[in-house]
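Peer 1: pasting the structure only:
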């Protein structure tokens, strides 16, 4: 049997001249195919194979690539854009705010909801003019911006202010001492602590407001025993003086000498205001005194008192002397009573201590808050 011939031996050999010509053609065609508009680098282009009987032609040197940074004409530097001025609703007095503060105020108006509860923004409520609370809160925000607070803090304080203005509490004050007209249209309940330095400093402004507006001042005990070791005993001493008809005289004596409120000191104050010392001492230690002080404090805690002094003007909470005067004026107006001119009494103190010492960090961050 004859073996089949080897396949390779029967293939026809392609002449060398044809191979050379093909390679030369392929190299010429490969250059424009490197990329759309992006020819490959000259080093990647191989010279064509030498033609039969000739030398390999030399490719001309590639021109250096142009540096776009050098060839482009210099660009004139654009002047920094001036930030747009924040727009505020008509009637908003922001003359004392700088542009950055005005911008923060505009953001608060755009981002917060209408305080009167309608489905619109805070700004829309101000512009509509049918929400008295809205403009009042704008003034509140302007004041806080002037005090140096940031947007986040102002929003938190504003929400607390909304809650304060919209909440009216009922307090049982039948057994509490009252200073002023019993039939007064406006009654101010104060939760206070005789060892509290802020309560002591607030005593004079409170007295001025009571006399100026002819309102009734009602005292409720709120001793902060954890911070003030003599506060609860001083409260019982004031209650004991009340049983002899001299609460307010003892009130003034305790604040005048605070923080000297040890028992020996208090007995001296009782003697100076003419109390029956034997009866006084017995009343101070009586279960009735302890129950009366505890009852006041329980009412305060239920009403949301978290520091002293805290005020309630016809049931509406106030935490600063400024809020107290504002609340009194508003309550007189609602009662149809002629409102006297506003007076300058100042704040008792810019900072405060919380009722719970563990929460003091939160309380002291708010200006003119209660101690």
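Peer 2: The structure has been received and is ready for your questions. Please read all numbers here as calculations on a predicted model, not as lab measurements.
Peer 1: how many neighbours does residue 219 have?
Peer 2: The number of residues packed around residue 219, counting by other CB atoms under 10 Å, is 22. All C-beta spots, glycine's among them, are computed from the backbone N, C-alpha and C.
Peer 1: List the beta-bridge partners for it.
Peer 2: residue 190 (DSSP bridges).
Peer 1: which SSE is residue 184 in?
Peer 2: Using DSSP states H and E, residue 184 falls within no helix or strand.
Peer 1: burial measure for it, as a count.
Peer 2: 20.
Peer 1: Test my guess that it contacts residue 216.
Peer 2: Yes: with contact defined as CB atoms under 8 Å, residue 184 reaches residue 216; the gap is 3.9 Å.
Peer 1: got the residue ranges for the strands in the stretch 101-250 of the chain?
Peer 2: Listed in chain order, the strands of the stretch 101-250 of the chain (DSSP state E, counting those that start in this stretch) span 178-179, 187-192, 216-221.
Peer 1: Ok, which of those comes nearest residue 229?
Peer 2: Relative to residue 229, the nearest member of the strands of the stretch 101-250 of the chain by CB to CB is strand 216-221, separated by 15.6 Å.
Peer 1: For that closest one, list every residue counted as buried.
Peer 2: Under the neighbour-count criterion of 16 or more other CB atoms under 10 Å, strand 216-221 has 216-221 buried.
Peer 1: Can you get me the centre-to-centre distance for it and its chain?
Peer 2: Distance of strand 216-221 from its chain centroid, counting by CA atoms, centre = their mean, to the nearest Å, is 31 Å.
Peer 1: repeat for stretch 176-190
Peer 2: With CA atoms, centre = their mean, you get 34 Å for stretch 176-190.
Peer 1: can you check stretch 131-139 too?
Peer 2: 18 Å.
Peer 1: For the remainder of this discussion, apply numbering that starts at 18.
Peer 2: Sounds good: first residue 18 from here, last item stretch 148-156.
Peer 1: Pick the one among the buried residues of strand 233-238 closest to residue 338.
Peer 2: Of these, the one sitting nearest to residue 338 (CB to CB) turns out to be residue 234, at 13.5 Å.
Peer 1: Would you confirm that residue 325 contacts residue 212?
Peer 2: No: between residue 325 and residue 212 no contact is recorded; they are 9.7 Å apart, counting by CB under 8 Å.
Peer 1: higher neighbour count, the two?
Peer 2: residue 325 (30 against 26).
Peer 1: what secondary structure does that one sit in?
Peer 2: Here residue 325 is recorded as coil under DSSP: H, G, I helix; E, B strand; the rest coil.
Peer 1: got a pLDDT number for the residue nearest to it when sequence neighbours are not counted?
Peer 2: In space, residue 325 comes closest to residue 210 once its chain neighbours are excluded; the distance is 4.5 Å by CB to CB, 6 or more residues apart in numbering. Confidence at residue 210, expressed as pLDDT, is 97.
Peer 1: ok, now which ones touch residue 210?
Peer 2: 216, 238-241, 245, 248, 252, 325-326, 388 (CB atoms under 8 Å, 6 or more residues apart in numbering).
Peer 1: That one and residue 223, how far apart?
Peer 2: Using CB to CB, to the nearest Å, one obtains 14 Å as the distance from residue 210 to residue 223.
Peer 1: cool, residue 123 as well?
Peer 2: 37 Å.
Peer 1: With residue 110 instead?
Peer 2: In terms of CB to CB, residue 110 sits 29 Å off from residue 223.
Peer 1: Which one's more surrounded, these two?
Peer 2: Legend: neighbour count by other CB under 10 Å for residue 110 and residue 223, higher for residue 223 (21 against 11).
Peer 1: For that one, give me the pLDDT.
Peer 2: Predicted confidence (pLDDT) for residue 223: 96.
Peer 1: Quick check: residue 188 touching residue 237?
Peer 2: Yes: between residue 188 and residue 237 a contact is recorded at 7.4 Å, counting by CB under 8 Å.
Peer 1: Residue 332: neighbouring residues, count only.
Peer 2: Residue 332 has 14 nearby residues by other CB under 10 Å.
Peer 1: Okay, domains of this protein per the record?
Peer 2: 116-183, 195-380 (automatic domain parsing).
Peer 1: Not counting sequence-adjacent ones, nearest residue to residue 132?
Peer 2: The nearest residue in space to residue 132 (CB to CB, 6+ apart) is residue 150, at 4.7 Å.
Peer 1: before we move on, what about residue 121?
Peer 2: residue 168 (4.9 Å).
Peer 1: joint contacts of residue 325 and residue 212?
Peer 2: With CB under 8 Å, 6+ apart as the test, residue 325 and residue 212 both reach residue 241.
Peer 1: returning to that earlier point: and the buried residues of strand 233-238, which is closest to residue 276?
Peer 2: residue 238 (16.8 Å).
Peer 1: tell me the contacts of the closest one?
Peer 2: 208-210, 252, 255-256, 309-310, 313-314.
Peer 1: Look up how far residue 345 lies from it.
Peer 2: For residue 238, the distance to residue 345 - CB to CB - is 22 Å.
Peer 1: Over to residue 183?
Peer 2: 18 Å.
Peer 1: for residue 241, same thing?
Peer 2: 25 Å.
Peer 1: and these two? which has more neighbours close in?
Peer 2: More crowded of residue 241 and residue 345, by other CB under 10 Å: residue 345, with 25 against 22.
Peer 1: right, and that one touches residue 223 too?
Peer 2: No: look at residue 345 against residue 223 with CB under 8 Å: they stay out of range, at 10.6 Å.
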